[in-house]
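Undergrad: build the 3D model from these lines:
(chains A and B)
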Amino acid sequence: MSLPVVPFGSASMGYVGSSRLHGLFAVYKPPGLNWKHLRDTVELQLLKGLNSQKKHTPQEHVRFLLGPMEGSEGKELTLSATSVPVLSEHPLVRGPKYRSVKVGVGHRLDVKSSGVFVLGVGHGNKLLTDIYNAHLTKDYTVRGILGKATDDFSDEGRLVEKTTYDHVTPEKLSRILAVIQGSHQKALVMYSNLDLKTQEAYEMAVKGLIRPMAKSPMLITGIQCLQFAPPEFLLEIQCMHETQQLLRRVVHEIGLELKSAAVCTQVRRTRDGVFTLEDALLRTQWDMHSIQKSIQKAAPRIEAELEKCQTVALCPRDPVGQPAS
Amino acid sequence: MALPAQQIPKWFYTIKIRNFITIMQIRNPLTRPRKTALHGLLALPQQSSGSFFHWGFKNYRTSSLWNSSQTSSSTRQENISVQDTHPHLNEEQLKTEITNFDPQILLEELEDLPPISPLQQISEEDAVQIIAEPPLPPTSFTLRDYVDRSDTLQKLVLLGVNLSKLEKRPGAGTLLLRLDFKNDIQKILLFLKDIGVEDNQLGAFLTKNYIILTEDLENLRTRVAYLESKKFSKTDISRMVVNAPYLLSFPVDRLDNRLGFFQKELGLNVQKTRELVVRLPRLLTGSLEPVKENMKVYRLQLGFKHNEIQHMVTRIPKILTASKRKLTETFDYVHNVMSVPHHIIVKFPQVFNSKLLKIKERHSFLSYLGRAQYDPQKPNYISLDKLVSIPDEVFCKEVAKASLQDFETFLKTL
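TA: You can find the predicted model right below:
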């Protein structure tokens, strides 16, 4: 019953005016919205846009109708050709032309977090697997509050303990962040399965371009403190293979290391692979035209990135270039 | 591919013959001379294409209107029961004169009938009367197959009824096919026009409530008379009927109970209840359980007094049918986070009608700018209806005194 989007004869992707909808785009997921509901909303908006495109032209066909011939006695019956409208192609009888659009999601965001959320339409869904296999890093801003600890590491959980935080200084915080980054750096090299004795591997490691290209636990490639105004602090984290709950756990552990306690109030993704905040579409922009434009804008960047990953992946070793931030 | 006369499948007999036989008990058996006419007619089907069903129809088509007398409406009704899934088609195309068949004669004839050759000469009149249209499917999941041959369906489509939505509802398709436009539907449409439903509203009305086409006209008139007796004006009634299409399908005592319930529950006088029902006639046709639940929520959980609830409901009747979870979440945010006291919420019940996410975004923007002031006593007061009801650009320019760009940049930091 479903009619997937049929491409018309236009060469470029996301061409406005034709119903070509294939590619990747990013939306800004607001906090408090389930990602499934978001995906359904985007699909409905795309369907609305697609179904409003073509206007129905009333079709007619010729039928031969029986009737008494004019001017005769009335007993004779002849066939006369008349053009009658065909109602079986009328939109009220047929229904809407498009009933479903294939919309896939990239790296998911849980309900409480917000930020850049990549979606794919039509043929773009295939690119989603390619992007996943490219194992690109993501950027997050994480806000935390010192002084309390809860069971689910966020400020809406059940309170477990309250502590003081007067002894916490920015230097202590940066020291702990450096320790975290160092330990994760070691893990990066280990999970990437590289033999560091080769020259090219060593050079890549020096530049900081190594990352694992297979499944691994969460790895933090960079962590910095942007603001510190006790009890609140703001961290920027670059990581891969993460979940938002693990990031909240990191905040909790930082609190423990500081001999205090901390909960996370906000997890916000600012970059997912090649998509940044300025590419992300807000709720008011989730309609077909804006999505088509956004797909067009992002297409060359994605192509370039995937090509880079694939050419390097052809080498016997794993190392791959880091994405342009 | 036409089936030769002898190769009628056995199941045709087992199913249909029984019905034939019940009909034959009512009608007179055919006499011998008729059989010879049949003999000649049975020869015709070879020339047509299609299934034997079509063969069956073709037979009586030729022995139909022009040669024999008009069949009475009683035979027509019997025939609908015979082919109970088969559509009722135009008179010229299909005369369901199975009653003209004597099953015994049929069986006898089909045994020893020689097949007619396609090269046999037939008269010009007979040739003209051959209709070689593809046969209609006996059952289908869509009304598209029948719309070109059914007068009723065509007129409904031209009225604006959305058949693609109706065919999804169980039983709707068969019902519409069985109705006849001239006799059944037209009366009800004229009645609706009398009440005041406009022509362009009829399509949407019937798409929602097609059952009304099977209602008895007297019942409908009684219900309208009842509403008029309760002092609803003509325009009120037409508005109510358009906004709640199922209204006239409710019996009088049910409407009475509902009106009584609202009057008692809300404690409003007759005039106010009437206005409330005219504004939201869905209250009369929907379920009463959510309304009772919501009243309890307002009174016990949110802590509004009875006269406050009355005031809010007369301003925005939709809050009676809002979902419980949405109400509690919205109230929680507005009262606890935005610190808006009860008596101000009562003045602006629109907050319960709007999306929580919208309220959150706008409030956080205003508090970031330092303009989140909801107390009418203090300066720079922002009323709640300005917060929720106006579109984004107007909100940014007038209330927040910032540009839309700033608002969007702020939204991306949430």
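Undergrad: avg pLDDT for the biggest helix by length in chain A?
TA: Identified as the longest helix of chain A according to DSSP state H is helix A:288-313. Helix A:288-313 comes out with an average pLDDT of 88.
Undergrad: chain center to it, what's the gap?
TA: Offset of helix A:288-313 from its chain centre (C-alpha atoms, centre = their mean, to the nearest Å): 13 Å.
Undergrad: same question for stretch B:289-303.
TA: For stretch B:289-303, the distance to the chain centre is 32 Å (C-alpha atoms, centre = their mean).
Undergrad: which neighbouring elements make contact with the longest helix of chain A?
TA: strand A:23-29, helix A:35-51, helix A:124-134 (3 or more C-beta pairs under 8 Å, 6 or more residues apart in numbering or on different chains; DSSP states H and E). C-beta here means a position set from N, CA and C on the backbone, and glycine is covered the same way.
Undergrad: quick one, which of these is nearest to residue A:241?
TA: helix A:124-134 (10.6 Å; C-beta to C-beta).
Undergrad: now the element after that closest one, going C-ward?
TA: Toward the C-terminal end, the helix or strand that comes next after helix A:124-134 (DSSP states H and E) is strand A:138-146.
Undergrad: pLDDT of that following strand, averaged?
TA: For strand A:138-146, the mean confidence score works out to 95.
Undergrad: and that strand with chain B, contact?
TA: No. Figure legend: strand A:138-146 not in contact with chain B (C-beta under 8 Å from any C-beta of the partner chain); closest approach 8.6 Å.
Undergrad: which residues touch the residue of the stretch 101-250 of chain A found nearest chain B?
TA: Closest residue of the stretch 101-250 of chain A to chain B, C-beta to the nearest C-beta: residue A:114 (6.0 Å). By C-beta atoms under 8 Å, 6 or more residues apart in numbering or on different chains, residue A:114 lies in contact with A:28-31, A:266-269, B:414.
Undergrad: where does it fall, phi/psi-wise?
TA: The phi and psi values for residue A:114, taken as degrees, to the nearest 10, are phi -140, psi 180.
Undergrad: go on, the one 3 residues further on?
TA: Here is the backbone geometry of residue A:117 (degrees, to the nearest 10): phi -130, psi 120.
Undergrad: was I right to think it contacts residue A:104?
TA: No. Assessed by C-beta atoms under 8 Å, residue A:117 is found out of contact with residue A:104, at 11.7 Å.
Undergrad: more neighbours: the two, which one.
TA: Higher neighbour count among residue A:117 and residue A:104: residue A:117, with 26 against 17, using other C-beta atoms under 10 Å in any protein chain shown.
Undergrad: gap between that one and residue A:239?
TA: According to C-beta to C-beta, to the nearest Å, residue A:117 and residue A:239 sit 16 Å apart.
Undergrad: equivalent analysis for residue B:145, please.
TA: Counting by C-beta to C-beta, the gap from residue B:145 to residue A:239 is 58 Å.
Undergrad: which one's more surrounded, those two?
TA: Applying other C-beta under 10 Å to residue B:145 and residue A:239 shows that residue A:239 carries more neighbours, namely 19 against 16.
Undergrad: for the closest residue to chain A within the stretch 201-350 of chain B, what are its contacts?
TA: Closest approach between the stretch 201-350 of chain B and chain A, counting by C-beta to the nearest C-beta: residue B:203, at 8.0 Å. By C-beta under 8 Å, 6+ apart, residue B:203 lies in contact with A:92, B:159-162.
Undergrad: can you tell me the closest non-neighbouring residue to it?
TA: Leaving aside its chain neighbours, residue B:203 sits nearest to residue B:160 (2.2 Å; criterion: C-beta to C-beta, 6 or more residues apart in numbering or on different chains).
Undergrad: number of nearby residues for that neighbour?
TA: By other C-beta under 10 Å, neighbour count at residue B:160 equals 16.
Undergrad: so which bits of the stretch 101-250 of chain B are right by chain A?
TA: Residues of the stretch 101-250 of chain B lying near chain A by C-beta under 8 Å from any C-beta: B:125, B:128-129, B:131, B:143-145, B:147-148, B:153-154, B:157-158, B:160-165, B:203.
Undergrad: narrow the residues you listed to those in helices?
TA: Filtering these for helices - DSSP H - leaves B:125, B:128-129, B:144-145, B:147, B:153-154, B:157-158, B:163-165, B:203.
Undergrad: in ChimeraX, how would I select the buried members of those residues?
TA: Per 16 or more other C-beta atoms under 10 Å in any protein chain shown, the buried members of these correspond to this ChimeraX selection:
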select /B:129,144,145,147,153,154,157,163,164,203
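Undergrad: of the ones in helices among the residues of the stretch 101-250 of chain B next to chain A, which pair is most distant in space?
TA: Between any two of these, the greatest separation by C-beta to C-beta is 44.4 Å, found for B:125 and B:165.
Undergrad: which residues touch the closest residue to chain A within chain B?
TA: Taking C-beta to the nearest C-beta as the measure, chain B has residue B:164 as its residue closest to chain A, at 3.3 Å. For residue B:164, the contacting residues are A:92-96, B:142-143, by C-beta under 8 Å, 6+ apart.
Undergrad: which members of the residues you listed are the farthest-apart pair?
TA: Every pair of the contacts of residue B:164 checked by C-beta to C-beta; the farthest is A:96 and B:143, at 15.6 Å.
Undergrad: more crowded one of these two?
TA: Taking neighbours as other C-beta under 10 Å, residue A:96 and residue B:143 compare with residue B:143 leading, 23 against 13.
Undergrad: what distance do you get for that one to residue B:150?
TA: From residue B:143 to residue B:150 the distance is 8 Å (C-beta to C-beta).
Undergrad: intersection of neighbour lists for the two?
TA: Common neighbours of residue B:143 and residue B:150, using C-beta under 8 Å, 6+ apart, are residue B:177.
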